[in-house]
Every structure is written in C-alpha cells, then in structure tokens.
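S.K.: Predicted structure and sequence below. I'll ask about it afterward.
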Amino acid sequence: MIKAVLLFVFGLLLLIKGGDWFVDGACGIAKRFKIPDVLIGATVVSIGTTLPEVMVSATSAAQGHGQMAYGNAFGSIICNTALIAAMTIAIKPAKVDKKSMTVPVIFFFVSAAIYCLIAYTTGVFSRPVGFMLLGIFVLYMILCIRDALKNPEGESEEKHEDGGEEKERSILMELFFLVIGAMCIAFGANFLVDNGIIIATAIGVPEAVIALTFVALGTSLPELVTAITSLAKGHGALSVGNICGANLFNLILVSGASIAIGPFSFKDAGFATTTVAGKEIYSVLLLDTPFSILVMLILTVPVFIKGKLSRWQGVLMLAMYAAY
C-alpha cells in the first residue's frame with residue numbers, strides 16, 4: 001500500500017513536470033510563428049496541459065476501467081473551471097477578448113450537448129461515438145490553424161506587458177523540451193492509473209470517485225501551473241484561453257480517445273445510482289455532468305456580456321467547488 005502511494009505521488013510529479021516542459025517547448029515553437037496568446041492558450045497550451053488527462057483516460061480505457069476515464073474527463077473540467085480558473089479570477093480578474101473565446105466556447109457547448117444527449121438517452125458510448133468526438137477535435141484544430149494563418153502577425157495586447165523580452169531558445173532545445181515533456185507525461189500517467197486503482201481497491205473507494213476527485217485534481221495540475229505562471233506574467237488571456245481549450249479537449253479529445261480505445265456503457269461500468277421520484281438515475285448524470293456545464297456557463301457568459309471577468313465569478317465558483 002505504501003509503495004502504491006509513493007508511486008502514485010511519483011506519477012503525479014512526472015505529470016506536472018512533463019506538462020510544464022511540454023508547454024514550454026510548444027509555446028516556444030508557436031511563438032516563432034507569431035501566434036496570438038489567446039490562440040496559443042486555446043490550442044497548443046491546451047493540448048499540452050490536457051495530455052495527462054488523455055494518457056490517464058486512454059490507459060484506463062485500455063485496461064477496461066471506463067468509469068475512471070469518464071470520471072477523470074468530467075472531474076478535470078470541474079477542477080479546471082471551479083478551482084483553477086476561479087482562483088485566478090478571484091485573485092486578479094482580467095479583460096478577455098470575446099472574439100478569441102467564441103470558437104472554443106461554441107465548440108465546448110455543442111460538444112457537451114452531443115455528449116449529454118448520448119449519456120442521458122442511451123448511456124452507451126460506442127466506438128463510432130469516440131471517432132465522432134475525435135472528428136470534432138480535428139475540425140476545431142483546422143479552424144484554429146486557419147485563423148492563425150490568416151492573421152500571422154496578430155499578437156495579444158498583453159504580450160510584453162512587463163516591458164521585457166523573453167530569451168529565445170534554439171528550435172532544437174524547444175523540440176527537446178517537447179519530447180521529454182511528452183515522455184514524462186506518458187510514464188506519469190501509467191504510474192498514476194495503475195497505483196490509483198490499487199489504492200482505490202485497498203481502501204474500498206469506487207474508482208469513479210477517485211477519478212472525479214484526486215486523479216482529476218492531479219491531472220489538472222499542469223493547468224494550475226500554467227494559470228499561475230500566466231497570472232504572474234500578466235497574461236490573463238493565455239490562462240482563460242487555456243482553461244476553455246483544455247475543457248473542450250477533455251470532452252472531445254480525452255473522452256473521444258478513451259471511447260475509441262475502450263467503448264463502455266454506464267451499466268457495465270458500474271456507476272453508482274441514486275433514486276429520484278422512484279426512478280434510479282446514475283449519480284454522475286445527476287451531479288457531475290450538469291455541474292461541469294453550469295460552472296462553464298458561469299465562467300463564459302459574463303465574458304460575452306461585459307467582455308471581462310469579475311471577482312464575484314471566481315468567489316462563487318470556489319464556493320460551489322467546496323460544496324461539490
């Protein structure tokens with residue numbers, strides 16, 4: 001048991017550092033092509049910080065633990081929004097470019113609607129559903145890349161706010177960080193999943209609960225690191241873009257890859273049920289899924305109305321996360 005806990009923590013550390021190196025390398029390469037901060041946040045950084053979820057969920061699905069893959073995806077969305085984004089907003093609310101957020105936010109809610117339709121009507125996630133979600137991911141990336149190529153000279157207003165210029169590394173060094181980061185993420189994910197299952201079994205806690213809480217928090221640490229770093233450097237748009245992009249990728253990339261590898265149904269996955277008005281309903285559909293969508297609404301709707309984030313959003317979401 002002690003060995004499993006130590007390896008679980010070691011896996012978390014590998015994920016955190018691997019995510020950090022991957023983001024550094026990806027951002028360095030992206031900056032060379034003068035891609036705007038918000039676009040980098042919603043695409044390159046989001047892919048890097050979502051890699052832990054992808055690896056953990058895909059590994060879980062391949063091992064037949066579909067409930068952990070589902071729980072990790074939605075748990076990460078909740079953690080990203082109601083804890084990480086909420087903390088940064090509560091500390092330092094920032095102005096956000098509505099135009100830059102439009103595409104990732106629309107894709108998120110459309111994907112969430114499709115996901116919920118399947119979850120609430122059939123409860124069966126077949127391989128074609130996984131490929132459909134991955135197809136949405138490909139479409140989103142094509143639109144983002146097309147937008148970046150149309151406006152190669154555009155840069156975030158917040159860039160160089162500190163008045164200094166970041167020291168450039170060579171392209172080989174950026175690629176080195178990218179590869180090493182990806183390797184650390186892959187190994188860390190394996191340690192996390194294998195030992196998370198051992199710990200859950202030993203103490204009698206359902207895997208879905210472990211995934212929705214501790215594993216979700218662990219795999220969301222790269223987003224937390226990115227958010228804090230972005231906040232410290234005055235790049236609020238990068239942080240918000242990263243959160244929105246990472247949440248979208250949790251739905252279409254993390255879930256899509258997991259379902260394509262290991263299709264599952266709620267019934268076979270052994271999700272807990274709750275009786276409401278004499279009818280049995282899966283707890284994840286009653287609490288976790290709607291909660292993740294609600295906190296995303298609280299995060300994004302005021303931005304499209306006022307064009308900025310407010311401290312009350314952060315405080316409200318933190319209170320909601322504590323209650324959750």
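M.R.: Now that the structure is in, tell me what you want to look at. Please read these numbers as outputs of a predicted model, since none were measured by experiment.
S.K.: In the chain, where is pLDDT below threshold?
M.R.: Low-confidence segments of the chain (pLDDT under 70): 30, 33-50, 52-53, 66-69, 148-149, 151-168, 189, 193, 205-242, 269-271.
S.K.: longest helix in it, by residue count?
M.R.: Ranked by number of residues, the top helix in the chain under DSSP state H is helix 171-203.
S.K.: what about that one, distance to the chain center?
M.R.: Distance, stretch centre to chain centre, for helix 171-203: 16 Å (Cα atoms, centre = their mean, to the nearest Å).
S.K.: I'd like to know which elements that helix is packed against.
M.R.: Using 3 or more Cβ pairs under 8 Å, 6 or more residues apart in numbering; DSSP states H and E, the elements in contact with helix 171-203 are helix 2-32, helix 46-62, helix 66-79, helix 207-210, helix 216-219. The way it works is simple: take the backbone N, C-alpha and C, and place the C-beta from them, glycine included.
S.K.: Ranking the ones you listed by mean neighbour count, which comes first?
M.R.: Most buried of those, by mean neighbour count (mean count of other Cβ atoms under 10 Å): helix 66-79, with a mean of 29.
S.K.: can you tell me how far Leu294 sits from Gly11?
M.R.: Noted for Leu294: a distance of 31 Å to Gly11, by Cβ to Cβ, to the nearest Å.
S.K.: hang on, the earlier thing: can you check what angle separates the longest helix of the chain from helix 2-32?
M.R.: 150 degrees (axes from the mean of the first three to the mean of the last three Cα atoms, to 10 degrees).
S.K.: Buried residues in helix 171-203, which are they?
M.R.: By neighbour count with 16 or more other Cβ atoms under 10 Å, helix 171-203 contains the buried residues 174, 177-178, 181-182, 184-200.
S.K.: next one: stretch 85-92
M.R.: Those would be Ala85, Ala86, Met87, Thr88, Ile89, Ala90, for stretch 85-92 by 16+ other Cβ under 10 Å.
S.K.: What residues does the closest residue to Asn247 other than its chain neighbours make contact with?
M.R.: Leaving out its chain neighbours, the residue that sits closest to Asn247 by Cβ to Cβ, 6 or more residues apart in numbering is Ile77, at 4.8 Å. Ile77 is in contact with Asn247, Asn250, Leu251, Ser292, Val295, Met296, counting by Cβ atoms under 8 Å, 6 or more residues apart in numbering.
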